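A.B. asks: sequence unknown, structure follows:
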């Protein structure tokens, strides 16, 4: 029951579970919260450009196929509906289109473009993947060129930078599902949710494993019918990576099935060393960020645990580890970035054409 094949799709499964949040009415807005954009298609990671515009990875809403068995038993179908959107002065412009997307027929909770950053003014982004990398050959040519890749775009043309899924599959049987990235002078460092690892890619496309994140033992849920006290392994499922004020990488984890509340951690990663736990006690982290003072913020896709269908929260972490909820009642949030004294996040990140970007004051 607890095969690596099942667990490799932990992030896709988590997104599917999060669909229950779509039935939860939105709570009253916190004072000072502003809606900057609406009508986004399963929005996930986001980043600011030097000119102040905001780029958002839209995972799309799948399409007509081909279709594959999904993590919860229902099929997910391929389409080229993934995109990178640019938000400027309240207007949404899709500057990159035709990217791989996998979703059920509702278009809800898709897997596709997952994160974006800007390098020399150009978008660099990860395109997530919901099926095994060996099934990529069954996709149309456009899908083969984008699914599970690190990509950029120049003059409207998609540029392949690194085959994340292909590389991760050579070192981990779970295959690859790139979910978040950070770019520095060492290359593009990607958190891969299926491989449970942090991987760096040079601009020649060559990959190097920087860190792997271990399973942890958690209590088996009652629905499995196992004897009381039985523990089962839960994967890490890294979802967000940022570079901290000290130059180290920080990685947040979603945790895999059974998504036990309070077991998600933020790791600190230094080249050549084993990852260490920097902060703990979170639930189902989807992204993390630091502000200009070095304070850590954690975005939870579900605050009480994905199995409860609960909604997400933005949490401030004090230097002593104390956690303060800044905003709750978020509907399946998908990404976080901080600029100045404000947090910017994608809300309803599992919603086709109903996602939005919120600005939340931190002061």
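C.D. replies: Done, it's in. Predicted model, so just to flag it, every value in this text is computed and none were measured.

A.B. asks: Only C-alpha atoms from now on, for both contacts and neighbour counts.
C.D. replies: OK.

A.B. asks: Which residues are in contact with residue 35?
C.D. replies: By CA atoms under 8 Å, 6 or more residues apart in numbering, residue 35 lies in contact with 356-359.

A.B. asks: Report the separation between it and residue 46.
C.D. replies: With distances taken as CA to CA, to the nearest Å, residue 35 is found 15 Å from residue 46.

A.B. asks: Equivalent analysis for residue 124, please.
C.D. replies: Shown here: residue 124 relative to residue 46, a distance of 11 Å by CA to CA.

A.B. asks: before we move on, the earlier item: most surrounded residue in the contacts of residue 35?
C.D. replies: Of all these, the highest neighbour tally under other CA atoms under 10 Å goes to residue 357, namely 28 neighbours.

A.B. asks: quick check, that residue in a strand?
C.D. replies: Yes - according to DSSP: H, G, I helix; E, B strand; the rest coil, residue 357 belongs to a strand.

A.B. asks: Pretty sure it sits against residue 337.
C.D. replies: No - when contacts are counted by CA atoms under 8 Å, residue 357 is not listed as touching residue 337 (10.8 Å).

A.B. asks: Now for those two: what residues contact both?
C.D. replies: Residues within reach of residue 357 and of residue 337 at once, by CA under 8 Å, 6+ apart, are 344-345.

A.B. asks: quick one: the strands in the stretch 101-250 of the chain?
C.D. replies: Across the stretch 101-250 of the chain, reading from the start of the chain, the strands by DSSP state E, counting those that start in this stretch fall at 113-119, 122-127, 150-154, 157-162, 178-184, 187-192, 197-201, 207-212, 216-219, 231-234, 238-243, 249-253.

A.B. asks: could those go into a markdown table alongside mean pLDDT?
C.D. replies: A markdown table is the format used below for these (pLDDT from 0 to 100):
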| stretch | mean pLDDT |
| --- | --- |
| strand 113-119 | 98 |
| strand 122-127 | 98 |
| strand 150-154 | 96 |
| strand 157-162 | 96 |
| strand 178-184 | 97 |
| strand 187-192 | 97 |
| strand 197-201 | 98 |
| strand 207-212 | 97 |
| strand 216-219 | 96 |
| strand 231-234 | 96 |
| strand 238-243 | 98 |
| strand 249-253 | 99 |
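
A.B. asks: could you redo the ones you listed as a markdown table and give each row mean neighbour count and distance to residue 317?
C.D. replies: Below are these laid out as a markdown table (neighbours: other CA atoms under 10 Å; distance: least, CA to CA, whole Å):
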| stretch | mean neighbour count | distance to residue 317 |
| --- | --- | --- |
| strand 113-119 | 27 | 23 |
| strand 122-127 | 25 | 27 |
| strand 150-154 | 20 | 30 |
| strand 157-162 | 17 | 34 |
| strand 178-184 | 25 | 21 |
| strand 187-192 | 26 | 21 |
| strand 197-201 | 24 | 23 |
| strand 207-212 | 18 | 24 |
| strand 216-219 | 15 | 23 |
| strand 231-234 | 18 | 24 |
| strand 238-243 | 28 | 15 |
| strand 249-253 | 27 | 13 |
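
A.B. asks: between those, which gets nearest to residue 170?
C.D. replies: Of all these, it is strand 207-212 that lies closest to residue 170, at 10.6 Å by CA to CA.

A.B. asks: Contacts for that closest one, please.
C.D. replies: For strand 207-212, the external contacting residues (CA under 8 Å, 6+ apart) are 162, 164, 167, 196-201, 269, 271-272, 274-275.

A.B. asks: re earlier: any chance of TSV for the contacts of residue 35, columns distance to residue 138 and pLDDT?
C.D. replies: Formatted as TSV, the entries for the contacts of residue 35 read as follows, by distance: CA to CA, whole Å; pLDDT from 0 to 100:
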residue	distance to residue 138	pLDDT
356	33	97
357	34	98
358	38	98
359	40	98
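
A.B. asks: any idea of the pLDDT on residue 173?
C.D. replies: Confidence per residue is given as pLDDT, and for residue 173 that number is 81.

A.B. asks: Okay, it and residue 165: tell me how far apart.
C.D. replies: Applying CA to CA, one obtains 11 Å for the distance of residue 173 from residue 165.

A.B. asks: Same drill for these two, tell me which one is more crowded.
C.D. replies: The residue with more neighbours, out of residue 173 and residue 165 and counting by other CA under 10 Å, is residue 165; that gives 28 against 14.

A.B. asks: what about stretch 117-133, start to end distance?
C.D. replies: With CA to CA as the measure, what separates the two termini of stretch 117-133 is 24 Å.

A.B. asks: Taking the chain centroid, which residue in this protein is the extreme one?
C.D. replies: Relative to the C-alpha centroid of the chain, counting by CA atoms, centre = their mean, residue 227 is the outermost residue, at 34.0 Å.

A.B. asks: And that residue, its phi and psi?
C.D. replies: Taking degrees, to the nearest 10, you get phi -60, psi 150 for the backbone angles of residue 227.

A.B. asks: So for it, what's the pLDDT?
C.D. replies: The predicted local confidence for residue 227 comes out at a pLDDT of 95.

A.B. asks: try residue 18
C.D. replies: Taken from the predicted model, the pLDDT recorded for residue 18 is 50.

A.B. asks: Please, where are all the helices along this structure?
C.D. replies: Along the chain, counting by DSSP state H, helices occupy 4-7, 10-17, 141-144, 164-171.

A.B. asks: residue ranges with poor pLDDT in this structure?
C.D. replies: Counting by pLDDT under 70, the low-confidence segments of the chain come to 1-30, 71-72, 310.

A.B. asks: just to revisit the earlier point, any idea how far the residue farthest from the centre of the chain is from residue 311?
C.D. replies: Distance from residue 227 to residue 311, by CA to CA: 30 Å.

A.B. asks: Contact partners for residue 261?
C.D. replies: The neighbours of residue 261, taking CA under 8 Å, 6+ apart as the test, are 282-284, 303-305.
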